[in-house]
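> Quick check, what structure comes out for this input:
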Amino acid sequence: MQLTEPSLVEALRQRRQQLVSQFPNPVILWSGRSSARNYPANTYPFRANSHFLYFAGLPLYNAAIRLEAGRLELFMDDPTPADILWHGELPRREQVAAEIGADAAYPLSQLKAGEAATIPVMDGATRLQQSQLLDRIMPPANLLQGVDRDLAAAIVELRLRHDEMAVAQVRQAAAITVEAHKAGMAATPRATTEAEIRAAMEGVVIAHNTTCAYSSIVTVQGEVLHNNFYHHSLQAGDLLLADMAAEAQSGWASDVTRTWPVSGRFSATQRDIYEIVLAAHDRCIEAARPGVEYQDLHLLACEVMAAGLVELGILRGSATDLVEQDAHALFFPHGVGHLLGLDVHDMEDLGDLAGYAAGRTRSSRFGLGYLRLNRPLQAGMAVTIEPGFYQVPAILQDPERREKYREVVNWERLAVFSDVRGIRIEDDVLITETGREVLTAALPTQAAKIEQLVKAA
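Numbering: from 1, shown residues only. All right, here's what the predicted structure looks like:
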């Protein structure tokens, strides 16, 4: 275990004490297990449950913790001879207990439920174990009821604002991510496929003995928002959109997107759109501070985007009116960002419980329905800011939408920008007591500097 820091035990103790003030009842949290890929011994990489990680600090396999009145009990089995044969020497239960500051440690078989609350994990085997021990069916985490929902709400209140140890871990992940993106840009002049650029980027993550926080998006088809295919060849006029980031060994994530020209130089039309997206990105970051509604940041990005597209002759009308009509969403259909923490979309296993303040629900509007975060910003929050422009055929060729927006879209003018399939610019932003800090500021966003990084190779 190399994740232990001098502050780990104290940080975990403070988190447990904070939980008591929000939720005084007993709590059991499970780390989970790996799922089989095709036969039992060949599994997907293990990732501990994030709620478990928040209070246990280490990515323990098939373990559980019981929290009550600020006391932590660890339940895990010591490694068997077979475990040691296949995986080498592994830490024993008492050693792990000391590393995380547990008050007691027992074999997993001694875990008793009592009246404890919990949050379901993703893997089926552990969820079955939860159901059997607690004697109740475990629903998906976004459909919790009763005491389990009360626990989830309490954990949300704690995890919304990051402590010093958490911020340090996000910084570590962000630094690796910045290096990875620079490696991808440097690899572009010699690459012939998206896969080669992906390899250069993920190689940096692997070299730091970390993992990617999510499936990398490295594509010339930037209009496909979550494109996970990498076989396309690279052409001189292409833009490459790379949305990939590292997750620290402790589980804390980063999330960064850059878009760059394969040739090393944006075309005139590409640069025009890029500057609009960058203006929306910069204005939102400048406006981010405690007390600001995140939805207002989203609407600010929408207005900046709409105004820029009016100036280019793609849209007609005033920016305010266009946003009220959701015309901007023809090109910017998603929200401007999300919470960031132990999950890249932090706590979204709980549905909108974390992302939406109490009493708020998702809008049915075309331009607001995909907003992942709708609550006032607070010091200690980490969020992403990631406006984008996309020409998505399923949106732009939809007959109903073409009819609805026929007066405000200059389709002939839009055709001039056919070499812009997708542009997104995304940074990780920590809300501070007085404003904000861009944790990924070391990775340039200005078009000229992006071109220099690609050409420098």
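> Phi, psi for residue 65 please.
Main-chain dihedrals, residue 65, degrees, to the nearest 10: phi -130, psi 140.
> In the sheet, which residues pair with it? Tell me.
Note on residue 65: beta-bridge partners by DSSP bridges are residue 29, residue 74.
> from memory it sits against residue 54, does it?
No. Counting by Cβ atoms under 8 Å, residue 54 is not a contact partner of residue 65; they are 10.4 Å apart. C-beta coordinates here come from the backbone N, C-alpha and C atoms, glycine included.
> The two: which is more packed in?
residue 65 (25 against 21; other Cβ atoms under 10 Å).
> distance of that one from residue 438?
34 Å (Cβ to Cβ, to the nearest Å).
> Ramachandran coordinates for the residue nearest to residue 309 when sequence neighbours are not counted?
Counting by Cβ to Cβ, 6 or more residues apart in numbering, residue 309 lies nearest to residue 315, which is 4.3 Å off, once chain neighbours are set aside. When read as degrees, to the nearest 10, the backbone of residue 315 gives phi -110, psi 160.
> ok, now which ones touch residue 315?
By Cβ atoms under 8 Å, 6 or more residues apart in numbering, residue 315 lies in contact with 306, 309, 322, 327-328, 408-410.
> what's the answer for residue 380, then?
By Cβ under 8 Å, 6+ apart, the residues touching residue 380 are 160-163, 167, 430-431.
> Just put those residues in TSV and tack on neighbour count and distance to residue 101.
Below are the contacts of residue 380 laid out as TSV (neighbours: other Cβ atoms under 10 Å; distance: Cβ to Cβ, whole Å):
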residue	neighbour count	distance to residue 101
160	19	23
161	14	21
162	23	19
163	14	15
167	16	20
430	21	26
431	23	29
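> closest to residue 237 among those?
residue 430 (36.9 Å; Cβ to Cβ).
> Okay, now the unreliable bits of the chain?
Low-confidence segments of the chain, defined by pLDDT under 70: 1-6, 456-457.
> Report all helices and strands that the biggest helix by length in it contacts.
The longest helix of the chain (DSSP state H) is helix 164-187. In terms of contacts (3 or more Cβ pairs under 8 Å, 6 or more residues apart in numbering; DSSP states H and E), helix 164-187 is packed against helix 8-22, helix 194-207, strand 246-247, strand 257-261, strand 427-431, helix 447-455.
> change it to 6 Å
Packing contacts for helix 164-187, counted by 3 or more Cβ pairs under 6 Å, 6 or more residues apart in numbering; DSSP states H and E, involve helix 194-207, strand 246-247.
> highest average neighbour count across these?
strand 246-247 (a mean of 28; mean count of other Cβ atoms under 10 Å).
> what's it in contact with?
173, 176-177, 205, 210-211, 213, 253-254 (Cβ atoms under 6 Å, 6 or more residues apart in numbering).
> ok, now with 8 Å
173-174, 176-177, 180, 204-205, 208, 210-213, 253-254, 344.
> Show me which of those is closest to residue 289.
residue 174 (19.9 Å).
> wait, that closest one sits on residue 255?
No. Between residue 174 and residue 255 there is no contact under Cβ under 8 Å: 9.0 Å.
> what do the two both touch?
Shared contacts of residue 174 and residue 255, defined by Cβ under 8 Å, 6+ apart, are found at 245, 428.
> now residue 31: how far from residue 377?
Taking Cβ to Cβ, one finds residue 31 at 31 Å from residue 377.
> same question, residue 135
From residue 135 across to residue 377, the span is 41 Å (Cβ to Cβ).
> Between these two, tell me which one has more neighbours.
Neighbours of residue 135 and residue 377, each counted by other Cβ under 10 Å, are more numerous for residue 377; the result is 22 against 7.
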